[in-house]
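Engineer: model this:
(2 chains)
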Amino acid sequence: MLGDEAIAQAAIDAGLSGVFAYPGTPSTEITEFIQDSKMAKELGIRSEWCANEKTAMEAALGMSYAGKRALFCCKHVGINVAADCFVNSAITGANGGLIYLAADDPSMHSSQNEQDSRFYADFAFIPCLEPSNQQEAYDMVHYGYELSEKFHLPVMMRVTTRMAHSRAGVARRAEVTKQNALKMPENKMQYILLPAVARRQYNELLAKQPELVKESENSGYNKYIDGPNKKLGIIACGISYNYLMENYRDSECPYPVVKVSQYPMPEAMINRLYEECEEVLVLEEGQPLYERLLRGMLNKGKAIKGRLDGTLPRVGELSPNLVGKALGLEVKEGLPVPSLVAPRPPKLCDGCPHVDSYTALNEAMKSFPGGRVFSDIGCYTLGALPPFQAIYSTVDMGASITMAKGASEADLLPSVAVIGDSTFTHSGMTGLLDCCVDNANVTVIILDNGITGMTGSQKSSATGRIESICTGLGVDPAHIRVINPLKKYFEENVAIMKEEIAYKGVSVIIPRRECIVALNKRLKAAKKAQ
Amino acid sequence: MKIDIILCGVGGMGALSSAAIISKAALDMGWYMKQAETHGMSQRGGDVQSHLRISDKPIASDLIPEGECDIILSVEPMEALRYLPFLSKDGWVITNENPFINIPNYPEKEAIIAEINKLPHSIVFDADTIAKEVHNPKGTNMVVLGAASKYLGIDIEKLEDAVRSNFGRKGEAIVNANIDALRAGRAVADKM
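Structural biologist: Prediction:
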């Protein structure tokens, strides 16, 4: 099973009542697995995609309020979108078991940054589980729900790309836990974060911290593994433990190791390691969160080695060889990549509607030499690369519309936004509302391919609703133009784009044609059904 | 016994389904396996790769350490070269010889083949033609897998069972076409 699939199956087996998510690599397969699971269907587990991570997390919190077990999943940057709910739900606490799954992407294989979600768990004072292998991921979901219900807190589960997208054999539990019955919180004020209530509950949350540390000491997911050589002590978090052990495949690791898969840190284990060893090496997949905490600002204690002192690279994923080098071991090296090997960057598919939209837009923009196109997150971000080189920004979900607005208000004209249908309903709508309220001079191109494309053809919340949303937000219906992005309509499409870009006010163009990948999938499925 | 394999190619060429077959065969033998895949942006005509590790003992890392890969199994010749930093000194490169050209600066085919031939152990062959000969033009990946099977430490029968199990729901004809491709690939390696 993929790590993602192990997590999904575990949630089903652990009495899940609903999963709430917006697609994002490398977390998408969790929700897809539950959507495709016959068993989940029979159990009536709720699994449709949500409009964005904030709506998803809030719905998961609502399910937990009603006493049932809920799962929220997102990629790391999705936690930013849901951060308001994330931090406050630590203060309300949970009723039914609640797990927030964050899939981080160190090395940015498919992301805009490599933020480490463990910061969020630490920041909000909730427990965090970080499995080191697929079996542990499966078991930890069961444990996570028990932990959540025991402490009445949401629990974060943090995985990284290599955990989410790596397969291994997983043994399932024989028994499936029954879903919780409807059960209201005992304290009727618990979820009402008026300042007086919030202050009390925040103190209660802080008071739980020593108990959470104890839980980390005793749960079995953190281990002190002694070794004879006390010159070095190693703290190995999550999958970095595997990279450490890879270096001792045919021998025992000579140094004491604390294997960490549950936070807050098991303080007694860390203290023992620090006391008994001359130096400490911290292995973290992601950012050096605990390395920094152990060093402290003054760094006057024993040497703490890791990403901050150059023992390991400051950025990017770890690997067995990087860890081997940090240990001073001789590691093998392969041959260099021959210089003739050319990169093969991702590109828009043959037949993709975005190709025709960008071709027309580039032609239309020739008439507006000072203008700029602001884009967004999705397949169409590839419009940045040759042969299109059509866009000037891609920052965060929904930022195309609001950035175009701000730029137009700085007299950068024309300012055009390009956003996908799913990204539009994810977090572009409120930006368009701002544009309408201010009557900003922007043109918003909503590329409607009918699905969430980049993550693999998931259902889009926007389908069938875009024009009515735009009208409802206040866009003049005369300036909502639907076009068909096909080569044969090129001249007509360019003319419409020019007209709307020239219009002084809010205009929306909707190039509408089905994603070619989704179309092929659909035709294949239809053929099979015949 | 431990074998580390990198399977590579371009999105949609079936590199990942070869990985699934080797994994299934290894698990059926009671071995351990770990397989790291690349998903996401790389599927849009970009390069795809999978690290597959099989062993009769537990495996620690999901990623193969550099310089320790036993076999690079590729359906595209330039992609095989991309992962040389992982190949061990005694490792094999087994690849289809036909380029998949979707970039403007794709190098000369002859230069790529010459680079592969510099390696101590390699099999470069026209897997596409062999796939067509056994009437399975989409079976290039199975032909390459068949050629690699000689060095996998797994009996070809076990791989055939895995093909039956993985393609079973697609019907008998597809299963047989893939087994034919697998055997035809193996015959190439046996002749060398």
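Engineer: What are the buried residues along stretch A:369-388?
Structural biologist: A:371-383, A:388 (16 or more other C-beta atoms under 10 Å in any protein chain shown). Every residue, glycine included, has its C-beta placed from N, CA and C.
Engineer: Endpoint to endpoint, it covers what distance?
Structural biologist: 16 Å (C-alpha to C-alpha, to the nearest Å).
Engineer: does any part of it sit near chain B?
Structural biologist: Yes. Using C-beta under 8 Å from any C-beta of the partner chain, stretch A:369-388 comes into contact with chain B via A:379, A:382.
Engineer: again with stretch A:418-427
Structural biologist: No. Stretch A:418-427 does not reach chain B (C-beta under 8 Å from any C-beta); its nearest approach is 14.3 Å.
Engineer: so where do the strands sit in chain B?
Structural biologist: Along chain B, the segments classed as strands by DSSP state E run B:2-10, B:32-37, B:47-55, B:69-74, B:87-96, B:122-125.
Engineer: Out of these, the one nearest residue B:152 is which?
Structural biologist: Residue B:152 lies closest, by C-beta to C-beta, to one member of the strands of chain B: strand B:2-10, at 6.2 Å.
Engineer: wait, doesn't residue B:74 sit right on residue B:10?
Structural biologist: No. Between residue B:74 and residue B:10 there is no contact, the gap being 9.9 Å when judged by C-beta atoms under 8 Å.
Engineer: can you pull the contacts of residue B:148?
Structural biologist: By C-beta atoms under 8 Å, 6 or more residues apart in numbering or on different chains, the contact list for residue B:148 reads B:5, B:71, B:73, B:92, B:94, B:185, B:189.
Engineer: bridging residues for the first one?
Structural biologist: According to DSSP bridges, residue B:52, residue B:71 are recorded as the beta-bridge partners of residue B:5.
Engineer: Hmm, it is touching residue B:68, no?
Structural biologist: No. In this structure residue B:5 lies outside contact range of residue B:68 using C-beta under 8 Å: 11.1 Å.
Engineer: Which one of the two is surrounded by more residues?
Structural biologist: Between residue B:5 and residue B:68, counting by other C-beta atoms under 10 Å in any protein chain shown, residue B:5 is the more crowded of the two (26 against 21).
Engineer: list the contacts for that one?
Structural biologist: B:19, B:22, B:51-54, B:69-73, B:148, B:152.
Engineer: related to what we said a few turns ago, which members of the buried residues of stretch A:369-388 are positioned in helices?
Structural biologist: Among the buried residues of stretch A:369-388, DSSP state H puts none in helices.
Engineer: Show me those residues that map onto strands.
Structural biologist: Going by DSSP E, the strands hold A:372, A:373, A:374 from the buried residues of stretch A:369-388.
Engineer: Mind listing what's buried along the top helix by length along chain B?
Structural biologist: If you go by DSSP H, chain B has its longest helix at helix B:172-191. Under the neighbour-count criterion of 16+ other C-beta under 10 Å, helix B:172-191 has B:174-175, B:177-186, B:188-189 buried.
Engineer: which regions of chain B sit below the pLDDT cut-off?
Structural biologist: Scanning chain B for pLDDT under 70 picks out B:39-45.
Engineer: Please repeat the previous calculation with a cut-off of 80.
Structural biologist: B:11-13, B:38-46 (pLDDT under 80).
Engineer: Let's check: the centremost residue of it is which one?
Structural biologist: Residue closest to the mean C-alpha point of chain B, counted by C-alpha atoms, centre = their mean, is residue B:73 at 3.4 Å.
Engineer: One more: chain A?
Structural biologist: Nearest residue to the geometric centre of chain A (C-alpha atoms, centre = their mean): residue A:75, 0.9 Å.
Engineer: got the contact list for that residue?
Structural biologist: Contacts of residue A:75 (C-beta under 8 Å, 6+ apart): A:24, A:25, A:26, A:27, A:102, A:103, A:104, A:105, A:111.
Engineer: cool, residue B:27 as well?
Structural biologist: So residue B:27 contacts A:169, B:33 (C-beta under 8 Å, 6+ apart).
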